[in-house]
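1. mind looking at a prediction? Sequence and model below.
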Amino acid sequence: MTVEQRTPGEAGVPAAPSALRMVIGGQQVDAADGRTFEVVDPADGRVIATAPLGGKEDVDRAVAAAQRALDDPKGWSSWSAAKRGRTLQRYANLVRDRLEELAQLESRNIGKPISSARGEALAVSLVFEYYAGAANKLFGETIPTSKPGLDFTLREPIGVVGLIVPWNFPMNMASWKLGPALAAGNAAILKPASYSPMTAIRLGELALEAGFPAGVVNVVTGPGGTAGAAIAGHPGIGKVAFTGETTTGQEIMRLAAGNIKKISLELGGKSPNIVFADADLERFARESPYGVFDNCGQDCCARSRILVERSAHDRVVELFAEATRKVVVGRPADEKTEVGTLVSFRQRERVMDYIRIGQEEGAELVVGGTVPEDAELAGGAYLLPTVFDNVSNEMRIAREEIFGPVVSIIPFDDEDEAIRLANASPYGLSGSIWSRDIGKAIRTAKRVQSGVLSINSNSSVHTEAPFGGYKMSGIGRELGMHALELYTELKNVYVDLS
């Protein structure tokens, strides 16, 4: 699947939309009822593709195909862990070979800068490569017992798993789930967000090319309310992994209760960026704009609350505002662009509502808050990176996940207050701590209620390390060897030797 090119001789005329198809049971198929939906390029508002509007019947087809793959006595279930690993390595290689194609699809589909999209496509290949190596390193243990016998555990695949991924990092989130699910021997149904089906479908096609049997990787496109709900509630699916909005995660928990389905959830965040007065303030200001404005702020890890020690407040506001003004907002296809568009005009309206709310609450708008004046960007869902000062932790812009390029600066007086403010949130996904005093930084890290923290860095994600949140930011840990636990059942076997 590739986006169609312009018709020769019709320079300047938009290409006709591509007709995308789902991947079910090793075949490219339309929705059972033939319905489709439009995929829009948020950089100019044009329809670039149509995709199948999948629903319950399509999920039923995918579950049946996945179960057939698992039931085949000479098929997927009979593969050794080493063979699964070799196939995952071929998958990784194919992604790397198609890096530019995947990056272009992602950039056009969600308005991501092409340079970022290339980095994310490379990251997908590295995730598959990691789990290729992990596939034959998943094993149980022997346990001494008081009775005269041998007790041991086995790690076994769950079976059919549903993987529901969001629109902000479609490729990455798909790989975070597909990699460990396939390494552990499951069959998967991947459902991308309606905004961003293009790279998910391509990953489904590449899985077949890599050599995974038909039905092991299925891709169903369609709305969360139909296709997503059908996956979450399907009795033939033993586990669902979801990344997305917290309210949707709560609904998935309710739907999964029907067959006590295993779930893992990576949900929202309102992450703190704690800046002590003894930090390298110039380095903080140089690096931190990308910790909140990357992907136009559409990142659950976005450090959207800057908590700064009061004695350094004015200097931090000055430095951060100056750095924010230098962030390059532009067309996603431009190699120099650092921040592209929001995923849709609807999302931009939502973010601008929050900017209005912040001003009404009494926060001071320091930078941004408007659409760019550049006429070349007028047709897209662009928004300038926005900085608010004089924010209290009780304001809505400081409490609620905006999912856009908006940051709030909040002062604190001492270490205890910084921790209290950081923890005064229903979320606990990510965050950063900036200080030259490593003892203070580690003390703070131990007390902040968050699944992922960085000291003197904005980095949240490492393929080799666990990722996930406290409180309403989710359940379970993705990436690293920990992720394999999400896709396995632990079986205990006792042999009586008396």
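-> Yes, it's here.

2. mind checking the longest helix of the protein?
-> helix 114-134 (DSSP state H).

3. could I get that helix in PDB with only the CA atoms?
-> Output in PDB follows, covering the C-alpha atoms of helix 114-134 (Å, rounded to 0.1, in the frame of the first residue of the first chain):
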ATOM      1  CA  ILE A 114       9.500  14.200   8.200                       C
ATOM      2  CA  SER A 115      12.700  14.300  10.200                       C
ATOM      3  CA  SER A 116      10.700  13.000  13.300                       C
ATOM      4  CA  ALA A 117       8.900  10.400  11.200                       C
ATOM      5  CA  ARG A 118      12.200   9.000  10.000                       C
ATOM      6  CA  GLY A 119      13.400   8.700  13.500                       C
ATOM      7  CA  GLU A 120      10.300   6.900  14.600                       C
ATOM      8  CA  ALA A 121      10.400   4.500  11.700                       C
ATOM      9  CA  LEU A 122      14.000   3.600  12.700                       C
ATOM     10  CA  ALA A 123      12.800   3.200  16.300                       C
ATOM     11  CA  VAL A 124      10.100   0.700  15.100                       C
ATOM     12  CA  SER A 125      12.800  -1.500  13.500                       C
ATOM     13  CA  LEU A 126      14.900  -1.400  16.600                       C
ATOM     14  CA  VAL A 127      11.900  -2.500  18.800                       C
ATOM     15  CA  PHE A 128      11.300  -5.500  16.500                       C
ATOM     16  CA  GLU A 129      15.000  -6.200  16.500                       C
ATOM     17  CA  TYR A 130      15.000  -6.200  20.300                       C
ATOM     18  CA  TYR A 131      12.200  -8.600  20.600                       C
ATOM     19  CA  ALA A 132      13.800 -10.800  17.900                       C
ATOM     20  CA  GLY A 133      16.600 -11.300  20.400                       C
ATOM     21  CA  ALA A 134      14.200 -11.700  23.300                       C
END
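
4. and it, what does it pack against?
-> Packing partners of helix 114-134 (3 or more Cβ pairs under 8 Å, 6 or more residues apart in numbering; DSSP states H and E): helix 81-97, helix 99-110, helix 170-183. Using the backbone N, CA and C atoms, a C-beta is placed for each residue, glycine as well.

5. buried set for that helix?
-> By 16 or more other Cβ atoms under 10 Å, the buried positions in helix 114-134 come out as 114-118, 120-121, 123-125, 127-132, 134.

6. do me a favour and average the pLDDT over it.
-> Per-residue pLDDT values over helix 114-134 give a mean of 98.

7. for stretch 214-227, same thing?
-> The average of the pLDDT scores along stretch 214-227 is 97.

8. start and end of it, how far apart?
-> 21 Å (Cα to Cα, to the nearest Å).

9. show me how far it is from its chain's centre.
-> 17 Å (Cα atoms, centre = their mean, to the nearest Å).

10. show me what counts as buried in it.
-> Within stretch 214-227, judged by 16+ other Cβ under 10 Å, the buried ones are 214-222, 224, 226-227.

11. determine which two of the residues you listed are furthest apart.
-> Spatially, the most separated pair among the buried residues of stretch 214-227 is Ala214 and Gly224, at 26.2 Å (Cβ to Cβ).

12. picking up where we left off before, next, format the helices and strands packed on helix 114-134 as TSV and append distance to Lys446, mean pLDDT and mean neighbour count.
-> Formatted as TSV, these follow (distance: least, Cβ to Cβ, whole Å; pLDDT from 0 to 100; neighbours: other Cβ atoms under 10 Å):
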stretch	distance to Lys446	mean pLDDT	mean neighbour count
helix 81-97	36	98	19
helix 99-110	37	97	23
helix 170-183	27	98	27
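
13. so for Phe152, which of the ones you listed sits nearest?
-> Per Cβ to Cβ, nearest to Phe152 of those: helix 81-97, 16.8 Å.

14. let me see the ranges of the helices in the stretch 301-450 of the chain.
-> For the stretch 301-450 of the chain, the helices defined by DSSP state H, counting those that start in this stretch occupy 313-325, 345-360, 396-399, 415-423, 438-447.

15. chain center to the longest helix of the chain, what's the gap?
-> 13 Å.

16. measure stretch 389-399 end to end?
-> Using Cα to Cα, one end of stretch 389-399 lies 15 Å from the other.
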